[in-house]
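Student: Based on what follows, work out the 3D shape:
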Amino acid sequence: MSGLDNKVQAQSLVDAVTERIEAAIISGALEPGSRLSEQALAASLGVSRGPLREAIRRLEGRKLLQRTPNIGVRVAALSLKDLHELLQVREALEGMACALAAKNMTDAEIAALQGLLEKHGQQKSVQEGKGYYQESKDFDFHFRIVTGSRNERLREMLMGDLYHLLRIYRYKSSTKPGRAKKALQEHDEIVAAIARRDPAAAEQKMREHLRNARLYVEEQLAAEAAVASAPTSPKPNAASKPGPASPRVRSLDAPAAARRR
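Tutor: Next up is the predicted model:
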């Protein structure tokens, strides 16, 4: 039996490393397009290369990391055009899923969804308006609604390969001042429509919510692209007194809400 116990512990370490890196990607501590250093990550997380490499393989499977031959592993990134098209499709499909959820979710599932939002409202980052982080799967408001639609085809399309990647941009949209509280309010309105068993209102509220999130994140990314492409004027004595470089990868300490309790 001791061998089985050891196997579970080893697997748990891989799970923990995977969740920690995933949370860092979602929160932006590891930025889209940034290259990963196994040595630096292993030292930062205090683990050996073995569990780290297995965690990286898992995140490649979730499309959060991309491996390029002779270059290495980078955090996945979408172009503004790709993101715009994907979010438009998501708006239509998830609106449909929400309408179905209003018909098919049980009263217990709706009550659990309301309880989940109460927990989300207690997040310090939401209360301070700094961001609205949702863990994946059952801790994710949108995941529960899609599951509650009882439509396996919709579930496969919305919760497949791009689910994890789109979470990066969902979180990013919530970091704009005022957006986190507004997003939570929109979630409450969606659940209220589902609880009334009103499919049309549920779909409308979900589509409005996703449209708002899409506009926020597209605005942010466009502004960042404009800043990145803007020419910089050389400063006097810049050659003799160079300023510190801005690191692409920040601390891996994820938001408090990102750590599993």
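Student: Please give the number of neighbouring residues around residue 128.
Tutor: By other CB atoms under 10 Å, the residues close to residue 128 number 10. Heads up, the C-betas are built off the backbone N, CA and C, glycines and all.
Student: Ramachandran coordinates for residue 74?
Tutor: phi -130, psi 160 (degrees, to the nearest 10).
Student: Now it: closest residue in space that isn't a chain neighbour?
Tutor: Nearest residue to residue 74 in three dimensions, chain neighbours excluded: residue 35, at 5.1 Å (CB to CB, 6 or more residues apart in numbering).
Student: How about residue 144?
Tutor: Closest residue to residue 144 apart from its sequence neighbours, by CB to CB, 6+ apart: residue 113 at 5.6 Å.
Student: In this model residue 194 seems to touch the one you found, though I could be wrong.
Tutor: Yes. Residue 113 is within contact range of residue 194, at 7.4 Å (criterion: CB atoms under 8 Å).
Student: Can you work out which residues contact both of the two?
Tutor: 105, 145 (CB atoms under 8 Å, 6 or more residues apart in numbering).
Student: Would you mind telling me which of the two has more residues around it?
Tutor: residue 194 (27 against 20).
Student: picking up where we left off before, what sits against the residue nearest to residue 74?
Tutor: Neighbouring residues of residue 35 by CB under 8 Å, 6+ apart: 71-74, 248.
Student: Quick one: those residues as JSON lines, columns for secondary structure and distance to residue 223 too.
Tutor: Listed next are these as JSON lines, based on DSSP: H, G, I helix; E, B strand; the rest coil; distance: CB to CB, whole Å:
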{"residue": "71", "secondary structure": "coil", "distance to residue 223": "28"}
{"residue": "72", "secondary structure": "strand", "distance to residue 223": "29"}
{"residue": "73", "secondary structure": "strand", "distance to residue 223": "28"}
{"residue": "74", "secondary structure": "strand", "distance to residue 223": "23"}
{"residue": "248", "secondary structure": "coil", "distance to residue 223": "18"}
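Student: Backbone dihedrals for residue 70, please?
Tutor: Here is the backbone geometry of residue 70 (degrees, to the nearest 10): phi 70, psi 0.
Student: re the thing from before, in contact with the residue nearest to residue 144, which residues?
Tutor: By CB under 8 Å, 6+ apart, the contact set of residue 113 is 105, 141, 144-145, 148, 191, 194.
Student: Out of the residues you listed, who's the most crowded?
Tutor: residue 194 (27 neighbours).
Student: and the helix or strand where that one lies, what does it pack onto?
Tutor: Using DSSP states H and E, the element containing residue 194 is helix 179-195. Secondary-structure packing of helix 179-195 (3 or more CB pairs under 8 Å, 6 or more residues apart in numbering; DSSP states H and E): helix 80-104, helix 107-121, helix 124-127, helix 141-148, helix 162-174, helix 199-229.
Student: To residue 16, which of those helices lies closest?
Tutor: helix 162-174 (17.2 Å; CB to CB).
Student: Low-confidence bits of the stretch 1-150 of the chain, can you list those?
Tutor: Filtered on pLDDT under 70, the stretch 1-150 of the chain yields the residue ranges 1-11, 129-130, 133-139.
Student: angle of the helix holding residue 194 against helix 80-104?
Tutor: 30 degrees (axes from the mean of the first three to the mean of the last three CA atoms, to 10 degrees).
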